[in-house]
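Trainee: Predicted model follows, preceded by the sequence.
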Amino acid sequence: MFLKLQLDTGCLPLLGSGKTSPSIGVPVSPIEKLEPANKDRKQRVLQKPNGELVKKRIIDVPKPTGDGTRRGLVREPVFKKESFVKNPDGERRGKSWDGGGIVKKRDLGIGNGSGKKVHTKCSTKWAYYGGCIPAILRALDEVKDLDEALKPWEDRLNNKERSIILKEQVSWERALEIFDWFKRKDCYELNVIHYNIMLRILGKARKWSYIEGLWDEMNVKGIAPINSTYGTLIDAYSKGGLKEEALVWLERMNQQGMEPDEVTMGIVVQLYKKAGEFRKAEEFFKRWSLGECSGKVRHSVNGAIRAESGLHYSICLSSHTYNTLIDTYGKAGQLKEASEVFAKMLREGIAPTTVTFNTMIHICGNNGRLEEVVSLMEKMEELRCPPDTRTYNILISLHTKHDNINLATNYFRKMKEARLVPDLVSYRTLLYAYSIRRMVSEAEDLVLEIDQRGLEIDEFTQSALTRMYIEAGDIEKSWLWFERFHFAGNMSSECYSANIDAYGERGYVSEAEKVFRCCQEEKKLSALEFNVMIKAYGIGKCYSKACKLFDSMERHGVVPDKCSYSSLVQILASADMPLAAKLYLKKMQDSGLISDCIPYCAVISSFVKLGQLEMAEGVYKEMVGFDVQPDVIVYGILINAFADAGSVKEALGYIDAMKKAGIPGNTVIYNSLIKLYTKVSFLKEAEETYKLLESSKEGPAIYSSNCMIDLYSERSMVKPAEEIFESLKRKGQANEFTFAMMLCMYKRIGMYEEAMKIVKQMREQELLTDLLSYNNVLALYAICGRFKEAVGIFKEMLKVPVQPDDTTFKNLGVILVKSGVSKQAVGKLEVTTTRDAENGLKEWMSVLSSIVAWDDCDDL
């Protein structure tokens, strides 16, 4: 249970008040201490060391050149009294040119201003530094040659100015060029702060060899690394995805007997959190609290700092560290610990930030703790901690998930009343919630607002609104909505298929055909469009059209895939047209696309349903002849069919064949009749046994229920499978295998929308842990063309971690091929992975990320 959020707000600083939270001993570099200069440089009030105030005005005076002549104007400070200027970094220097001079553009050898125009944003930022910095940065931005660009200040740059110059470079190459220029000048001595800045820049660019080179250079020059040096390196390698290398730098730090400061500690905790190693994150924090990271015991003024069991550590931490710990526990599902950290933060008098509240609201909301969410919002108001856009986005998403659309809408309104600007996440979350609830008027108002702001509606939202209009029965508006995006010319193949599917699933075959033709006009037809159109024909019982469309695929330059054949075979078999299904089954076999007995099973079942047992046997023999192994379902269908027909000899023959094939029948689960009947596919007997279990006091075990779902799902018997599934969910007994069976069933028969709902439920209930489940979800996303989600699932597998197998890479290969990557390139990736698993995974991720757009918002 979460702790009751009771707080004496009098002990906490309010925003805008004079009270502040306790400071922490985190070293701040000189750059971070730099104060912005006053924008008005014409006249400034300066303070002498004795406290006397003097005025300084800026005048333009000629600047002497190397040859004794005067060229251009340089602005220099003129003091009414001789004095020293008190600088932000605490240094004292007399009046000098570089103390406040600004070089005009023509003094830099730029001619008539033909150089690159400085961006307004950069110019505004640079102006805050004051002094000569803005002019230097402009010169570096406009003049490539460093000798020429820095000539006016060549021997006058102090440490702080050199740090700013390096820090403000956008390009790592330019920063490195300037850094090397400083080293070539005898008048400059680079210190550890300069090296830290370069390490951060190169780390951000992931230039690991350059980082190693700088590290070696520091050792040669005797420049000793400080705490922030190691923190920078650990942070760089962590963000670069090199977890083990980051930990090596932490070990080097420990070997030097250097205790990580709070900032570095937070970086390491973040590192473990991103890797999903929450226990290690917690253990590291506890060791750090005890001062055990470097083998030393940290002491405070009053004595040794203790870290007791649990979370009772007596260290004054910053709000950022508390936020990191709360988020770590939240992602680990350790709700009690997250709440305890939050409560300790309050007791210590550290004012929670908006980020803190966002994290806690997110954790509480995801776990259904709506009362705590209300309490947190009240505390935000008490502490004058204003919610930001993300706060409201979390609240909107939370309440739409809990089907409280009115409250979600109210928070959207409150966001605007607070003069916060909704972002794309705000609009998309609420718009999707409106669409699935058929709240047409509200959705249209929101679309109007999005259009007025000039924001772009993504394809997922577009197809969702198409479905909204269709389900609301307004086909005319649905078509106008589709045409808006079609005529814009930016619709992808996947978006066309989603719209075809939206019409097809509701039986609007003619509209689905029109979307198909639009896609054809745009020359974006792929197997996916044909597959969903075939599915639409099946739902609309237009079987001849389905066959005709399939036959036209190759004429359109599209090769039928496994799903194309499977869908058509299933449609024809379900329509009691086994002869037509058998024809396409043979074509599927000739194309080499049959990898299991499922298509044969559908045709056999169709013949059995019509009582044509000889034809069913013929398909079975054909299947065995192609070395396709029958499974228990095929045997079960045939055994039951011949048993119903009274052909005991044939039924026993198939039971015998099943045993010879090594398929267990009455020996695998001997303590459960349900399992036995499942193995031999005796559905009728299994159902009778299951009814007896239901009438018992204990009720059916979860395994028995799963067996029944398995029996039904393998036969595509949707309704009875769903009945047991819903019953298990009501009782809170459904496990990962239960959901996986339902997912497989929906995927096999092309009910992709239902399959997606299963995936959503599995993720919400944290029932996605097994490799088989991940592969099923990955295959579903690949089939449906939801490549972005597929890449996300693959990333999640690596983080958990779940080791990918051949099936995983096969599904990823399908995604790459559909995205335009050649089969040869995919083959090379597979070979690389076989030879070197670690580098192979990196290459897969690199290629996938470049093909499929992916925005990672994992961190709060």
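Mentor: Okay, I see it.

Trainee: Can you tell me the element residue 815 falls in?
Mentor: helix 806-818 (DSSP states H and E).

Trainee: what about that helix, average pLDDT?
Mentor: Mean pLDDT, helix 806-818: 85.

Trainee: So which bits of that helix are buried?
Mentor: For helix 806-818, the neighbour count (16 or more other Cβ atoms under 10 Å) marks 808, 809, 811, 812, 813, 814, 815, 816, 818 as buried. C-beta coordinates here come from the backbone N, C-alpha and C atoms, glycine included.

Trainee: Any chance of JSON lines for the residues you listed, columns distance to residue 611?
Mentor: As requested, the buried residues of helix 806-818 are exported to JSON lines (distance: Cβ to Cβ, whole Å):
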{"residue": "808", "distance to residue 611": "43"}
{"residue": "809", "distance to residue 611": "44"}
{"residue": "811", "distance to residue 611": "39"}
{"residue": "812", "distance to residue 611": "44"}
{"residue": "813", "distance to residue 611": "43"}
{"residue": "814", "distance to residue 611": "39"}
{"residue": "815", "distance to residue 611": "43"}
{"residue": "816", "distance to residue 611": "46"}
{"residue": "818", "distance to residue 611": "42"}
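
Trainee: Now flag whichever of those residues is closest to residue 561.
Mentor: residue 814 (8.4 Å; Cβ to Cβ).

Trainee: does that closest one really touch residue 782, like I thought?
Mentor: Yes: if you go by Cβ atoms under 8 Å, residue 814 and residue 782 touch, sitting 4.8 Å apart.

Trainee: Okay, strands next: where are they in the stretch 301-450 of the chain?
Mentor: For the stretch 301-450 of the chain, the strands defined by DSSP state E, counting those that start in this stretch occupy 303-304.

Trainee: mind showing which ranges of it have poor pLDDT?
Mentor: When residues are selected by pLDDT under 70, those of the stretch 301-450 of the chain lie in 301-319, 331-334.

Trainee: Mind giving me the packing neighbours of the next helix or strand after the helix holding residue 815?
Mentor: Later in the chain than helix 806-818, the nearest helix or strand by DSSP H and E is helix 823-835. With contacts defined as 3 or more Cβ pairs under 8 Å, 6 or more residues apart in numbering; DSSP states H and E, helix 823-835 has these neighbours: helix 806-818, helix 837-851.

Trainee: For residue 240, find the nearest of those.
Mentor: helix 837-851 (11.1 Å).

Trainee: Check which residues of that closest one are buried.
Mentor: Applying 16+ other Cβ under 10 Å to helix 837-851 flags 840, 841, 844, 845, 847, 848, 851 as buried.

Trainee: which residues touch stretch 730-737?
Mentor: Contacts to stretch 730-737, defined as Cβ atoms under 8 Å, 6 or more residues apart in numbering, come from residues 702, 705, 706, 725, 728, 762, 767, 768, 769, 770, 773.

Trainee: can you tell me which residues contact the second one?
Mentor: Going back to what we said before, that points to residue 705. Counting by Cβ under 8 Å, 6+ apart, residue 705 touches 690, 724, 727, 728, 733, 738.

Trainee: where's it, which helix or strand?
Mentor: Applying DSSP H and E, one finds residue 705 within helix 702-714.

Trainee: Pull the distance from that helix to the chain's centre.
Mentor: Chain-centre distance of helix 702-714: 34 Å, with Cα atoms, centre = their mean, to the nearest Å.

Trainee: same thing with stretch 370-380?
Mentor: The answer for stretch 370-380 is 27 Å, by Cα atoms, centre = their mean.

Trainee: and the closest residue to residue 795 other than its chain neighbours, what does it touch?
Mentor: Residue nearest to residue 795 in three dimensions, not counting chain neighbours: residue 845, with 7.3 Å by Cβ to Cβ, 6 or more residues apart in numbering. The neighbourhood of residue 845, defined by Cβ under 8 Å, 6+ apart, consists of 794, 795, 798.

Trainee: same thing but 10 Å
Mentor: Residues in contact with residue 845 (Cβ atoms under 10 Å, 6 or more residues apart in numbering) are 241, 791, 794, 795, 798, 812, 854.

Trainee: Can you name the two of those that sit furthest apart?
Mentor: Across the contacts of residue 845, the longest distance by Cβ to Cβ is 18.0 Å; it joins 241 and 812.

Trainee: burial count for residue 448?
Mentor: Around residue 448 there are 10 other residues, counting by other Cβ atoms under 10 Å.

Trainee: let me redo that: residue 601
Mentor: Neighbours around residue 601, by other Cβ under 10 Å: 23.

Trainee: any idea which element it lies in?
Mentor: Per DSSP H and E: residue 601 is located in helix 598-609.

Trainee: follow-up on the earlier one: so for residue 814 and residue 782, which residues contact both of them?
Mentor: residue 790.

Trainee: Buried ones from the contacts of stretch 730-737, can you make that a ChimeraX selection?
Mentor: Selecting the buried subset of the contacts of stretch 730-737 in ChimeraX, with 16+ other Cβ under 10 Å as the burial test, is done by:
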select :705,706,725,728,762,767,768,773
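
Trainee: For the contacts of stretch 730-737, give me JSON lines that also has pLDDT, distance to residue 383 and secondary structure.
Mentor: Output for the contacts of stretch 730-737, formatted as JSON lines (pLDDT from 0 to 100; distance: Cβ to Cβ, whole Å; DSSP: H, G, I helix; E, B strand; the rest coil):
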{"residue": "702", "pLDDT": "84", "distance to residue 383": "46", "secondary structure": "helix"}
{"residue": "705", "pLDDT": "86", "distance to residue 383": "49", "secondary structure": "helix"}
{"residue": "706", "pLDDT": "86", "distance to residue 383": "49", "secondary structure": "helix"}
{"residue": "725", "pLDDT": "90", "distance to residue 383": "46", "secondary structure": "helix"}
{"residue": "728", "pLDDT": "89", "distance to residue 383": "44", "secondary structure": "helix"}
{"residue": "762", "pLDDT": "88", "distance to residue 383": "38", "secondary structure": "helix"}
{"residue": "767", "pLDDT": "85", "distance to residue 383": "37", "secondary structure": "coil"}
{"residue": "768", "pLDDT": "85", "distance to residue 383": "37", "secondary structure": "coil"}
{"residue": "769", "pLDDT": "85", "distance to residue 383": "39", "secondary structure": "coil"}
{"residue": "770", "pLDDT": "85", "distance to residue 383": "44", "secondary structure": "coil"}
{"residue": "773", "pLDDT": "87", "distance to residue 383": "42", "secondary structure": "helix"}
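
Trainee: can you put the contacts of stretch 730-737 in JSON lines and add distance to residue 227?
Mentor: Output for these, formatted as JSON lines (distance: Cβ to Cβ, whole Å):
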{"residue": "702", "distance to residue 227": "53"}
{"residue": "705", "distance to residue 227": "57"}
{"residue": "706", "distance to residue 227": "55"}
{"residue": "725", "distance to residue 227": "55"}
{"residue": "728", "distance to residue 227": "54"}
{"residue": "762", "distance to residue 227": "44"}
{"residue": "767", "distance to residue 227": "43"}
{"residue": "768", "distance to residue 227": "40"}
{"residue": "769", "distance to residue 227": "39"}
{"residue": "770", "distance to residue 227": "43"}
{"residue": "773", "distance to residue 227": "44"}
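
Trainee: Much appreciated, bye for now.
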